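> take a look and give me a structure for this.
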Amino acid sequence: MAANSFVRRVRAVVVLGLVGGAIAMAVGAAPASAGLGLACPSPTSTPFAAWKDYANYAFSPDGGFEGGGTGWSLSGGARVVSGNESFFVHSSADKLSLSLPAGASATSPPMCISLLSGKMRFLARGNAGSKIKVQIIYRGLLSSVLGIFDGGSISPSGSWNASPAIGMLGGTLPLLTASVSFRFTAVNAAASIDDVYLDPMKSS
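Here you go, the predicted model:
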C-alpha cells in the first residue's frame, strides 16, 4: 500500500509539472493581446506595395495622426499639423501629419508585438540635412521599459516617401516583452512623419 501511495504521489507531481510547463510555454509564446489593454490591430493591409514591399502590416495606434496624436508622447515642439503625406497610404480621407522641428521627438502608444515581428515602416519628408532617428522601445507589463533598440537614422528627402524597412529584434525580444513603442527624433533639421506601421508577424 505504501508503495502504491508513493507511486501515485510521483505521478501527480509529474502531471503537475507537465501542465505547468505547458502553461509557461503557452504564455511565453503568445503575443501581447487586447486583454492587456493594448492596441492589437490585424496585419491585413499591404500599405507599402507601391515600394515592392508586399508584407502585411498593422497600423500603429493613431499612426496617421488623424486623432490629433492621441496616446503619443510629444516633446520639443512636435505637433500634429494640417497636410497629409502625398501618397495617402492609410486613407484618401486623411488630412494630418506630424511635424518634428529639429531636436523634437515623438513616441507612439504601445501596441502588440509577436516574437516573429521583423520590421516597421512609415512615411517621411524633411528639410535639407535632416535625419530622423528611430528607436524601438520594448515594454513589459505595466509599460515598464525592458530595452531600447536603436533602429538607426533615415535621411528623408524634401518630398514624402516611404522610409526604408526598420529592422527589429525579430525572434530575440527582451524577456517578458508585452508591447512595443516607436520613438522618432528629428536631428539637424525639421522633418515630418505620417502613417506608422508595424509588420507584427514577419510576413516576408
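> the domain parsing of the protein - what is it?
Per automatic domain parsing, the structural domains of the chain span 1-30, 31-199.
> name the stretch among the ones you listed that sits most buried.
Burial of these is given as mean neighbour count (mean count of other C-beta atoms under 10 Å); domain 31-199 ranks first at a mean of 18. No exception for glycine: its C-beta is placed from N, CA and C like everyone else's.
> centre of the chain versus it, how much separation?
Relative to the centre of its chain, domain 31-199 is centred 7 Å away, using C-alpha atoms, centre = their mean, to the nearest Å.
> what about that domain, average pLDDT?
Per-residue confidence for domain 31-199 averages out to 89 on the pLDDT scale.
> offset the numbering so it begins at 37, please.
Taking 37 as the first residue, the last one we looked at is domain 67-235.
> and the helices in this protein?
Counting by DSSP state H, the chain has helices at residues 38-65.
> strands of the chain, residue ranges please.
Applying DSSP state E to the chain gives strands spanning 94-95, 109-111, 115-118, 132-136, 141-143, 155-162, 167-175, 181-190, 197-198, 202-203, 215-223, 227-235.
> nearest to Val125, of those strands?
When the strands of the chain are ranked by distance to Val125, counting by C-beta to C-beta, first place goes to strand 227-235 at 4.7 Å.
> that closest one to strand 155-162, inter-axis angle?
An angle of 170 degrees separates the directions of strand 227-235 and strand 155-162 when computed by axes from the mean of the first three to the mean of the last three C-alpha atoms, to 10 degrees.
> which strands or helices does strand 227-235 pack on?
Helices and strands touching strand 227-235, by 3 or more C-beta pairs under 8 Å, 6 or more residues apart in numbering; DSSP states H and E, are strand 94-95, strand 132-136, strand 155-162, strand 167-175, strand 215-223.
> okay, the angle between it and strand 181-190?
Relative orientation of strand 227-235 with respect to strand 181-190: 120 degrees, computed using the same axes, to 10 degrees.
> one step back: among the strands of the chain, which is nearest Ala86?
Among the strands of the chain, if distance is taken as C-beta to C-beta, the winner is strand 197-198, at 7.7 Å.
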